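Undergrad: Sequence unavailable; structure follows:
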Ligand SMILES: Nc1nc2c(ncn2[C@@H]2O[C@H](COP(=O)(O)OP(=O)(O)OP(=O)(O)O)[C@@H](O)[C@H]2O)c(=O)[nH]1
């Protein structure tokens, strides 16, 4: 029996696959953070100047920040840098500013006199938290240990020369807190990584048809949503082939459910052999399969569906079990949502059944 798709897509956001939507949200958040930081910095700079508490060192810190944030905003806005490079650049910039301020405050009291060490030391633990949010479990540990070593090396001559000085105990506390924090973050991120692996396994299971190992209906819906988005944004068309085993009920009735299951597996294998790179074959449910063909027009897809019908019908699937399939083909048009596209392919499949089965029919574009 032809299928009745229930993929109802209402909004643009709904149609974005989760990882893609997540990346776009992160990009928007980064742009907002860069813009807000820049406004905050300009205000802080103005206030500092008007109170007369500025210094050449603070000027340099403000100037570096006031240049860095718009620069990163432009690079992220224009998508000129990969996400990881942006994260790393922000992390290294923050660490560099903290290290420079620490050097100035500990060793150059005249130039760095206006830098408040207590406040600076509040920011350094934030850098470790940031490192663990942007890098992987092991690389964030390596990065954090590297930064801890850097801050320790900067402060070591000061601690050795002036152990009784005002900032010595504060600096020692910073190193102790940093060590405890990095250890805690490392264990937490290990736990998070294990949880993520379990979630990935669950996600893979939730996307896979148990019997055939093919992408299931849910996964195929996501693939179609993604192709619709690509079509909308970049004009790259695609087509669908809906496949239905002919008189599958008879196979089950004659040979039993187990033979029917074997037929489904064998058909999945045979259909897979005809796929190009980038095509997706999935099980839609029952005796029904779907192939998503990116960059294919209606004629290409129809040719492919006819070849598939011939390929399946030519030789028995298993032992002496021969089956035939019928296919309905539709290609995307600008007016399409997932539901309308599936409906046209479904109507074409229905026509193929009506016209005698073991054949492919295409639906006229909407
Ligand atoms: N063995 C097996 N059978 C299944 C499975 N899921 C659905 N079916 C059977 O597949 C058959 C589907 O039949 P229909 O598509 O309704 O009709 P058909 O006999 O194929 O006839 P046409 O589609 O008109 O050619 C039903 O008998 C279902 O019980 C499954 O996982 N394994």
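TA: Great, that's in hand. All figures in this text were calculated on a predicted structure; none of them were measured in a lab.
Undergrad: Contact residues of the chain facing the ligand?
TA: 1, 211, 244-250, 252, 257, 260-261, 264, 286-287, 353, 357 (CB under 6 Å from any ligand atom). (C-beta placed from N, C-alpha, C; glycine too.)
Undergrad: Just those: which are in helices?
TA: 248, 249, 250, 252, 257, 260, 261, 264, 353 (DSSP state H).
Undergrad: residue ranges of the strands in the stretch 251-366 of the chain, please?
TA: 280-285, 288-294, 325-331, 360-362 (DSSP state E, counting those that start in this stretch).
Undergrad: what's the most buried one of those?
TA: A comparison of the strands of the stretch 251-366 of the chain by mean neighbour count, using mean count of other CB atoms under 10 Å, puts strand 325-331 on top with a mean of 27.
Undergrad: now that one, how far from the chain's geometric center?
TA: 31 Å (CA atoms, centre = their mean, to the nearest Å).
Undergrad: do the same with stretch 83-95
TA: So, by CA atoms, centre = their mean, the centroid of stretch 83-95 is 19 Å from its chain's centroid.
Undergrad: Give me the average confidence score over it.
TA: The average pLDDT for stretch 83-95 rounds to 92.
Undergrad: Give me the contact list for it.
TA: By CB atoms under 8 Å, 6 or more residues apart in numbering, the surrounding residues in contact with stretch 83-95 are 23, 26-27, 30, 64, 68, 72, 75-76, 81, 123, 126-127, 130-131, 134-135, 143, 147, 150.
Undergrad: mind redoing it with 10 Å?
TA: 23, 26-27, 30, 33-34, 37, 64-65, 68-69, 71-72, 75-76, 80-82, 123-124, 126-128, 130-131, 133-135, 139-140, 143-144, 146-147, 150-151 (CB atoms under 10 Å, 6 or more residues apart in numbering).
Undergrad: buried subset of the residues you listed?
TA: Among the contacts of stretch 83-95, those classed as buried by neighbour count (16 or more other CB atoms under 10 Å) are 30, 34, 37, 65, 68-69, 72, 76, 124, 127-128, 130-131, 134-135, 140, 143-144, 147, 151.
Undergrad: out of the ones in helices among the residues of the chain next to the ligand, who has the most neighbours?
TA: residue 264 (24 neighbours; other CB atoms under 10 Å).
Undergrad: which among the ones in helices among the residues of the chain next to the ligand gets closest to residue 118?
TA: Residue 118 has its nearest neighbour among those in residue 264, at 68.6 Å by CB to CB.
Undergrad: Provide a list of residues in contact with the closest one.
TA: 209, 211-212, 214, 245, 248, 251, 283, 286-289, 317, 323.
Undergrad: Grab the nearest non-local neighbour of the residue of the stretch 251-366 of the chain found nearest the ligand.
TA: For the stretch 251-366 of the chain, the residue closest to the ligand is residue 260, as judged by CB to the nearest ligand atom, at 2.5 Å. What sits nearest to residue 260 in space, not counting adjacent residues and going by CB to CB, 6 or more residues apart in numbering, is residue 252, at 4.2 Å.
Undergrad: close enough to count as contact, the one you found and residue 323?
TA: No. Residue 252 is beyond contact range of residue 323, at 11.4 Å (criterion: CB atoms under 10 Å).
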